[in-house]
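**Student:** Need the 3D shape of this:
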Amino acid sequence: MLILVYNNVGSAGKVESFVEVALGFGIADLIVISRAYGAAAQSGIPAASKRVFKEGGRLLVVSELREAIELLNPEEVYVLEPKERGGSEELDYEELAKKVKERKIMIVIGGESPGNPLREQEMAKAVVWVGTERNIGPQASLGILLYELSRRIGKR
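**Tutor:** This next block holds a predicted model:
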């Protein structure tokens, strides 16, 4: 099971783009928006919710990452961060694809600069980057992640 979390986001457009990319690959079992504020909370969440509903997906909105982890109880949590912001290793897509098929895996992507705070990175099994050591933004990182996973899981 793959749970995608978009954490710490204030832009409605970023929420909508994240959901569009997540739904586009069709491999996420659940999309979670955590710590949305400002325009993201006021108009991004309703628009994303409507889009997910129309596509037959599942969306959960929580006030903070810890709440999502406690509620969903994933077996492993990974935080995506560029190397320059705490990523300690490149993500192993082969290993992750095997885990997603067998276990409940949560992937957390930070929405706003500077990404996921250190206290939230500490909740993860690993803080990883997606193949580029430099920051390419959350939607691009999500696209790389889901493309590589979909190739290995067999869904596209």
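
**Student:** Show me what Val61 is bridged to.
**Tutor:** As for beta bridges, Val61 partners with Ile33 under DSSP bridges.

**Student:** Give me the pLDDT value at it.
**Tutor:** With respect to pLDDT, Val61 has a value of 98.

**Student:** again, but for Pro114
**Tutor:** Taking Pro114 on its own, its pLDDT is 62.

**Student:** Likewise for Ile136?
**Tutor:** Reading off the model, Ile136 has pLDDT 83.

**Student:** got the contact list for Val19?
**Tutor:** Val19 is in contact with Ile31, Ala48, Arg51, Val52, Leu59, counting by Cβ atoms under 8 Å, 6 or more residues apart in numbering. Placement of C-beta: from N, CA and C, glycine included.

**Student:** Tell me which residues touch the third one, please.
**Tutor:** With contacts taken as Cβ under 8 Å, 6+ apart, Arg51 has the following neighbours: Glu16, Val19, Glu20, Leu23.

**Student:** separation between it and Glu95?
**Tutor:** 31 Å (Cβ to Cβ, to the nearest Å).

**Student:** Next: the first one.
**Tutor:** Separation of Ile31 from Glu95 (Cβ to Cβ) stands at 23 Å.

**Student:** that older thread, secondary structure and distance to Val79 added to the contacts of Val19, as a markdown table?
**Tutor:** Below are the contacts of Val19 laid out as a markdown table (DSSP: H, G, I helix; E, B strand; the rest coil; distance: Cβ to Cβ, whole Å):
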| residue | secondary structure | distance to Val79 |
| --- | --- | --- |
| Ile31 | strand | 16 |
| Ala48 | helix | 21 |
| Arg51 | helix | 25 |
| Val52 | helix | 23 |
| Leu59 | strand | 20 |
